[in-house]
Structure formats: C-alpha cells, structure tokens
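Trainee: Sequence first, predicted model second:
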Amino acid sequence: MLERLVLRPFSLKDARRVQLLAGDESIASGAINLPYPYTDGVAESWINNHENEFMNGNSVILAITLKENSILIGSIGIYINKKHNHAELGYWIGKDYWGNHYCSEAVQGMLKHAFEHLKLNKVFAYFLHRNQASGKVLINNGFVKEGYLKQHVKYNEKYEDIECYSLLKTDFN
Ligand SMILES: CC(C)(COP(=O)(O)OP(=O)(O)OC[C@H]1O[C@@H](n2cnc3c(N)ncnc32)[C@H](O)[C@@H]1OP(=O)(O)O)[C@@H](O)C(=O)NCCC(=O)NCCS
C-alpha cells in the first residue's frame, strides 16, 4: 500500500484527462515514446489495448491517482518479456504535479508488483540523458546505471543520447 497514491487500471472515462496531461509538450519532450501532438482518439485506443495486453501477460499499465481525492496525475507501466523474465518500465506525471516525489512513490508500487507478484528477475528503464529527473526517480528506487547509448534516438531531427538503468530482483528490498 502506497502512502499517497493509488495505482489502478485505466478506464475509458480517463481518456480526456490522459489527453490533457500527456498532451502537454513538456511530457512528450521528456518521454522517449509518447506521441505529440496527442490527437483525439489516441488515449482511447491506448486504454482499449490495456486489458488484452494485461491478460496476455505482456504489460501492466496503471493510472497514478492521488489517494486523497482520486485525481489522475500520471501513468506507469511495465512491458514484459516473458522469455527473459524481465520488463521495461515507463512513466509520466502531469506537469502540475512534478517535484512531489509522486513518480518515485509510483515506481515503488510497480516494483513490488513486478518482483513480488510477477516474480520478474529484472526491471530496466531508458531515459534521455538530458532528462535527469527521470534518472533520479530510478536512483531513488535503487536502480543502477547499466549503460549510456550515444545518439540512440532522434528528436526533432536531432540525435540524442539515452541512459539505461536497471534493478535486479535480488537487489530489491
Ligand atoms: C520524470 C518525471 C516522471 C518525474 O516525475 P516527478 O513526480 O516529478 O518525480 P519525483 O518527484 O519522484 O523525483 C524527481 C527527482 O528528480 C529531481 N530533479 C528534478 N529536476 C531535475 C533536473 N533537471 N536534474 C536533476 N534532477 C532533477 C528532483 O529533485 C527529484 O529528486 P529528489 O528525489 O532527489 O528530490 C516527470 O518529470 C515527467 O513525467 N516528465 C516527462 C515524461 C518523462 O520524462 N517520463 C520518463 C521517460 S523515461
């Protein structure tokens, strides 16, 4: 149980709020794989996919909500590779809610699920080198640096470096 947050599945009722929060340019410019602009219908088809992918054991994508008033403030997900028993972690938090350690707390909740319930062996995450806030979220949760990938992704016609951090089940407490 998290202190200030509840992680729950998305429902179609969340689509407009997802579009509002994730559609902010500040989110797209920090995340590696979010669409921008976040056009009508994108949130609906994204949410519609979640249940199938969850039932097939491919991913767990959850809404990050505030315990005190149930407001949706972000998203967190793991994308599972069953063969290797590992998962890639991804997340975003609406801009108005940055800097409150909400993402660090949400990651804590997702890791508990990944390691204790799903018994994954490893969780890893990529982030843009210039997005050190994302790196700090991972460090806060015990992740360690595994690699630095030069000019690995392309943003607005510019190649950018990314970093990879990971946490093994044996190092999760
Ligand atoms: C990255 C993101 C999820 C962080 O959310 P958050 O709830 O503000 O994160 P937290 O408050 O838990 O932790 C942020 C940490 O980064 C630090 N930080 C903030 N800006 C920073 C910067 N420019 N450089 C270094 N550290 C920074 C904060 O001080 C905090 O560290 P602390 O625990 O030592 O105080 C949020 O900024 C976001 O959604 N960004 C856009 C999408 C994105 O980048 N997603 C991740 C893609 S991999």
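Mentor: Okay, I see it.

Trainee: Now the element after the one helix or strand in the chain whose mean pLDDT sits lowest, going C-ward?
Mentor: Within the chain, no helix or strand scores below helix 25-28, which has a mean of 95 by mean pLDDT, DSSP states H and E. As assigned by DSSP states H and E, the chain's next helix or strand after helix 25-28 is helix 42-55.

Trainee: Pull out the buried positions in that following helix.
Mentor: For helix 42-55, the buried set under the neighbour-count rule, 16 or more other C-beta atoms under 10 Å, comprises Val42, Ala43, Trp46, Ile47, His50. Where C-beta positions appear, they are placed from N, C-alpha and C, glycine not excepted.

Trainee: Repeat that for stretch 60-79.
Mentor: By neighbour count on 16+ other C-beta under 10 Å, the buried set for stretch 60-79 is 60-65, 72-78.

Trainee: and which of the residues you listed is nearest Pro37?
Mentor: Relative to Pro37, the closest of the buried residues of stretch 60-79 is Ser75; by C-beta to C-beta it sits at 17.5 Å.

Trainee: where's that closest one, which helix or strand?
Mentor: Using DSSP H and E, Ser75 falls within strand 72-81.

Trainee: So what touches that strand?
Mentor: 7, 10, 14, 17-18, 21-22, 57-66, 86-94, 97, 102-103, 106-107, 109-110, 113-114, 118, 120, 123 (C-beta atoms under 8 Å, 6 or more residues apart in numbering).

Trainee: tell me the contacts of Glu68?
Mentor: Arg4.

Trainee: Could you pull up phi and psi at the closest residue to Gly30 other than its chain neighbours?
Mentor: Spatially, and ignoring its direct neighbours in sequence, Gly30 is nearest to Asn131 (4.7 Å; C-beta to C-beta, 6 or more residues apart in numbering). In terms of degrees, to the nearest 10, the main-chain angles of Asn131 are phi -100, psi 70.
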